[in-house]
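> Turn this into a model:
(chains A and B)
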Number of protein chains: 2
Amino acid sequence: MDEVIADPMGAMIAWYEKAHGLPVDLNKMNGSWLMGFPEQHQKLVRARLYEPGFFRDLPVMKDSVEVLKEMNQRYEIFIVSAATEFPNSLKDKLDWLMEHFPFFTWKQLVLCGEKRMVFGDHMIDDHVRHLQHFNGKKYLFTAAHNIGVTGYDRINSWEHAAKVFLQ
Amino acid sequence: MDEVIADPMGAMIAWYEKAHGLPVDLNKMNGSWLMGFPEQHQKLVRARLYEPGFFRDLPVMKDSVEVLKEMNQRYEIFIVSAATEFPNSLKDKLDWLMEHFPFFTWKQLVLCGEKRMVFGDHMIDDHVRHLQHFNGKKYLFTAAHNIGVTGYDRINSWEHAAKVFLQ
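Numbering: from 1, shown residues only, chains lettered A, B, ... in the order given. Predicted coordinates for the structure are as follows:
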């Protein structure tokens, strides 16, 4: 969900630059986008992830609605989100998905901690830790925090995903 | 979670008999415990499942804490709950689990709709619809609504589970 169909990093940068007027460094996000924020404010930024409403109001990643709408007619899709670390995100994520992706139903959302118990034919994720145990074909969805990762097939955008899954 | 480690049916019966003074019929629960409630009140009973707090305040199933605490040291366990149908249950279920089963972490909770994307070695569930697609060994956890089901190995209690998984 996050950094794949929803954009918490973008929302956080927009809020942060407005609230604190300091630049965020995309080149320091290796492993976690939190690391791109000035060190003295990382605790503050992280605290926002626990606030009710933060995940309810996120931008939708470009082209994800259109491409997933078509993919949903050809594949059995589950949206699997590592969310239980953030208790207030759970209902927000469900409401967000139902609003922006109304062709999905609540049956297709999975809110979890680890993703080790998930199986399927394909997994698209922005984190190696979620992909590494997966039994099927793995795709790393390109994000600022995983630019340096090698050894995985990548999906760079939903336009790219359409080429892989819809042609 | 429900009817396996948490007891929403018990909580609902206690509330209903106090609020309406009518008996609930366990013999009519074939397939769904909702059917055991008098027909004129089933809509009302179902509406309670959507209320904030209902799933936060449920009794714990007998022996489940002690047995799962020991199982958690020998197995990699996930608590997988069909919950996304009830948006207000999500945080309540996480909070409930962390309170009563403090040896589990948020990494082990999975809140989903269908359970088709789950794999593992063993699954304990009170519904055939969740067990039927599972790749590993399946155990039907005995509950009023599944008494009539045949063709599955059963776990009748957590004392019984201890015999199966801890000996």
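> What is the burial count for the nearest residue to A:Asp153 once chain neighbours are set aside?
Closest residue to A:Asp153 in three dimensions, ignoring its sequence neighbours and counting by CB to CB, 6 or more residues apart in numbering or on different chains: A:Tyr139, at 5.4 Å. (Each C-beta comes from the backbone N, C-alpha and C, glycine too.) A count of neighbours around A:Tyr139, defined by other CB atoms under 10 Å in any protein chain shown, yields 23.
> Can you tell me the SS state at A:Tyr139?
Under the three-state scheme (DSSP: H, G, I helix; E, B strand; the rest coil), the conformation of A:Tyr139 reads as strand.
> got the contact list for it?
When the contact criterion is CB atoms under 8 Å, 6 or more residues apart in numbering or on different chains, the partners of A:Tyr139 are A:His122, A:Met123, A:Ile124, A:Asp125, A:Leu131, A:Tyr152, A:Asp153, A:Arg154, A:Ile155, A:Val164.
> can we see that at 7 Å?
By CB atoms under 7 Å, 6 or more residues apart in numbering or on different chains, the residues touching A:Tyr139 are A:His122, A:Met123, A:Ile124, A:Asp153, A:Arg154, A:Ile155.
> between those residues, which is nearest A:Phe103?
Of all those, A:Ile124 has the smallest distance to A:Phe103: 17.5 Å, by CB to CB.
> and the closest one, that's in a helix?
No. Per three-state DSSP, A:Ile124 lies outside any helix segment and is strand.
> how close does it sit to A:Phe37?
As judged by CB to CB, to the nearest Å, A:Ile124 and A:Phe37 stand 26 Å apart.
> which of these two has more neighbours?
A:Phe37 (24 against 19).
> ok, and the closest non-adjacent residue to that one?
Spatially, and ignoring its direct neighbours in sequence, A:Phe37 is nearest to A:Val45 (4.9 Å; CB to CB, 6+ apart).
> Tell me how many other residues surround that neighbour.
The local packing count at A:Val45 equals 20, with neighbours defined by other CB under 10 Å.
> Over to A:Ser89?
28.
> repeat for the one 3 residues further on
A count of nearby residues for A:Asp92, using other CB under 10 Å, gives 22.
> which stretch of helix or strand covers it?
A:Asp92 belongs to helix A:89-100 when elements are defined using DSSP states H and E.
> which residues touch that helix?
By CB under 7 Å, 6+ apart, helix A:89-100 touches A:1, A:6, A:53, A:55-56, A:58, A:60, A:65, A:79, A:81, A:83, A:104, A:106, A:109, A:111, B:84, B:87-88, B:90-91, B:94, B:111.
> Now do the contacts for A:Glu114.
Taking CB under 7 Å, 6+ apart as the definition of contact, the neighbours of A:Glu114 are B:Lys107.
> What mean pLDDT does stretch A:40-56 get?
The predicted model gives stretch A:40-56 an average pLDDT of 97.
> For that stretch, list the C-alpha coordinates in PDB.
As requested, the backbone C-alpha atoms of stretch A:40-56 are provided in PDB (Å, rounded to 0.1, in the frame of the first residue of the first chain):
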ATOM      1  CA  GLN A  40      16.500  16.500  14.900                       C
ATOM      2  CA  HIS A  41      13.000  16.000  13.600                       C
ATOM      3  CA  GLN A  42      12.900  12.300  12.800                       C
ATOM      4  CA  LYS A  43      11.100  11.500  16.100                       C
ATOM      5  CA  LEU A  44       8.500  14.100  15.300                       C
ATOM      6  CA  VAL A  45       8.000  12.800  11.800                       C
ATOM      7  CA  ARG A  46       7.700   9.200  13.000                       C
ATOM      8  CA  ALA A  47       5.100  10.300  15.700                       C
ATOM      9  CA  ARG A  48       2.800  11.500  12.900                       C
ATOM     10  CA  LEU A  49       2.500   7.900  11.600                       C
ATOM     11  CA  TYR A  50       0.700   7.000  14.800                       C
ATOM     12  CA  GLU A  51      -1.800   9.900  14.600                       C
ATOM     13  CA  PRO A  52      -5.400   9.200  13.600                       C
ATOM     14  CA  GLY A  53      -6.100  10.500  10.200                       C
ATOM     15  CA  PHE A  54      -2.600  10.500   8.700                       C
ATOM     16  CA  PHE A  55      -3.200   7.500   6.500                       C
ATOM     17  CA  ARG A  56      -6.800   8.500   5.700                       C
END
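> Off-centre distance for that stretch?
Its chain's average C-alpha position is 16 Å from that of stretch A:40-56, according to CA atoms, centre = their mean, to the nearest Å.
> Kindly report the same for stretch A:70-83.
Computed by CA atoms, centre = their mean, the chain-centroid distance of stretch A:70-83 equals 13 Å.
> And for it, what's in contact with it?
Outside of stretch A:70-83, the residues that reach it under the criterion CB under 7 Å, 6+ apart are A:1-2, A:68, A:89-90, A:93, A:97, A:103-104, A:108-113, A:115, A:118, A:130, A:165-166, B:117.
> which among those end up buried?
For the contacts of stretch A:70-83, a neighbour count by 16 or more other CB atoms under 10 Å in any protein chain shown gives the buried set as A:1-2, A:68, A:89-90, A:93, A:97, A:104, A:108-113, A:115, A:118, A:130, A:165, B:117.
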